[in-house]
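**Student:** The following block contains a protein sequence and its predicted model.
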Amino acid sequence: KLAYSEMYGSVQILSVDDEEVNQLVLEEILTSVGYQYAKAMDGMEALEWLSSSETLPDLILLDCMMPNMSGHEFCSILRKAIPGTVLPVIMVSAKSDEDNIVLSLRNGSNDFVRKPYQREELVARIE
């Protein structure tokens, strides 16, 4: 599959987070700087979204702590099919201790961002 930007010329970011308020905040931040926004409310929904979409998103923002499938589990499954050079993942979590960050990176995320989101930091990491 091609990346969304290769097909449509703009960057699409898939947000995977079980908290509706976090999705609303991200949608506002991302669309205000010109990104296309897509969302999934958990890891299973994200896997379904990825398999049914005609393109891959250009980036996934992935919550660490979600019911049914953690962000770590999702990323580990994703990386068996799609490498980080093809589809980067930024793990996001309020739990920003070193152990959680290291676990995120070892499970295949490319970067880590703390919640609550700091607009400028998030946009800079995405760029």
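**Tutor:** Thanks, I have it. The model shown is predicted, which means the values in this text are computed figures rather than measured ones. Numbering: from 1, shown residues only.
**Student:** From here on, just use CA atoms for contacts and neighbour counts.
**Tutor:** Noted.
**Student:** where exactly do the helices run in this structure?
**Tutor:** 4-8, 20-32, 43-52, 71-81, 98-106, 119-126 (DSSP state H).
**Student:** Format those helices as CSV; extra columns: distance to Phe112, mean pLDDT and mean neighbour count.
**Tutor:** Below are these laid out as CSV (distance: least, C-alpha to C-alpha, whole Å; pLDDT from 0 to 100; neighbours: other C-alpha atoms under 10 Å):
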stretch, distance to Phe112, mean pLDDT, mean neighbour count
helix 4-8, 22, 97, 14
helix 20-32, 15, 97, 15
helix 43-52, 17, 97, 16
helix 71-81, 12, 96, 18
helix 98-106, 7, 94, 15
helix 119-126, 9, 95, 13
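**Student:** would a markdown table of those helices with distance to Asp63 be doable?
**Tutor:** Below are the helices of the chain laid out as a markdown table (distance: least, C-alpha to C-alpha, whole Å):
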| stretch | distance to Asp63 |
| --- | --- |
| helix 4-8 | 21 |
| helix 20-32 | 10 |
| helix 43-52 | 9 |
| helix 71-81 | 6 |
| helix 98-106 | 10 |
| helix 119-126 | 14 |
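**Student:** Show me the one of the ones you listed that comes nearest Cys64.
**Tutor:** In terms of C-alpha to C-alpha, the element of these nearest to Cys64 is helix 71-81, at 4.2 Å.
**Student:** relative to helix 43-52, how tilted is the closest one?
**Tutor:** Inter-element angle recorded for helix 71-81 and helix 43-52: 20 degrees (by axes from the mean of the first three to the mean of the last three C-alpha atoms, to 10 degrees).
**Student:** Return the list of helices and strands in contact with helix 71-81.
**Tutor:** If you count contacts as 3 or more C-alpha pairs under 8 Å, 6 or more residues apart in numbering; DSSP states H and E, helix 71-81 packs onto no helix or strand.
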